[in-house]
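Q: Quick one, structure for this:
(one chain, ligands or ions: 1)
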Amino acid sequence: MKKLLLLTIFLPVLLYGQQTKIKVENAWARPAAMGHNSALYMTITNTGDSEDTLYAAKSSAAQIVEIHETYKAGDDMMGMREVEFVKISPGSSVSFKPGGHHIMLIGSTKDLKAGDSIKVELFFRKNGKIITEAKVKTF
Ligand SMILES: [Cu+2]
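A: So this is what the prediction gives:
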């Protein structure tokens, strides 16, 4: 009986101690017809005191979800490609924005219309899985 009481007191404390140091804000995605591609943008802030790394993303809204960067592919051309991870330094933010890093949603599983919201799971090496909700809107 005593053990159970201790557990009820300490469990919330333990869970609180594991609170995430990663903050995801202003997540939004471009509209796309079912089967087409969309991109997701957001700001990720690391409020902790050690570096963390985003290494994967998942969403039921797309068949394939990749972390992408935009790069200069020629004089007047921009290309984009998959990256394995994005590092977020302690006490700093990384903006995923048009023309920069984005989460690529390849082959949307439904129509993504302005006003909808989609759930995305982001995986960080230190802080684990973070679920965020992104609003679908036009830029
Ligand atoms: Cu892309």
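
Q: quick one: the helices in the protein?
A: Secondary structure of the chain (DSSP state H): helices located at 2-17.

Q: contacting residues for the residue positioned nearest the centre of the chain?
A: Nearest to the geometric centre of the chain sits residue 122, at 4.3 Å (C-alpha atoms, centre = their mean). Residues in contact with residue 122 (C-beta atoms under 8 Å, 6 or more residues apart in numbering) are 22, 24, 44, 54, 56, 57, 129, 130, 131, 132. Where you see a C-beta, it was placed from the backbone N, CA and C, and this is true even at glycine.

Q: measure the closest residue to residue 115 other than its chain neighbours to residue 123 for me?
A: Counting by C-beta to C-beta, 6 or more residues apart in numbering, residue 115 lies nearest to residue 136, which is 6.6 Å off, once chain neighbours are set aside. Distance, residue 136 to residue 123, by C-beta to C-beta, to the nearest Å: 22 Å.

Q: quick revisit: count of residues packed around the closest residue to the residue nearest to the centre of the chain other than its chain neighbours?
A: Once flanking residues are discounted, residue 122 sits nearest to residue 130: 4.8 Å by C-beta to C-beta, 6+ apart. Residue 130 has 17 neighbouring residues, counting by other C-beta atoms under 10 Å.

Q: start the count at 31, not 1, going forward
A: Taking 31 as the first residue, the last one we looked at is residue 160.

Q: pretty sure residue 160 is touching residue 55, no?
A: No: taking contacts as C-beta atoms under 8 Å, residue 160 lies outside contact range of residue 55: 11.6 Å.

Q: residues in the chain within reach of the ion, list them.
A: Proximity of the chain to the ion (C-beta under 5 Å from the ion) is limited to residues 98, 110, 134.

Q: Would you reformat these as a markdown table and include neighbour count and pLDDT?
A: Listed next are those as a markdown table, based on neighbours: other C-beta atoms under 10 Å; pLDDT from 0 to 100:
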| residue | neighbour count | pLDDT |
| --- | --- | --- |
| 98 | 20 | 98 |
| 110 | 17 | 96 |
| 134 | 18 | 98 |
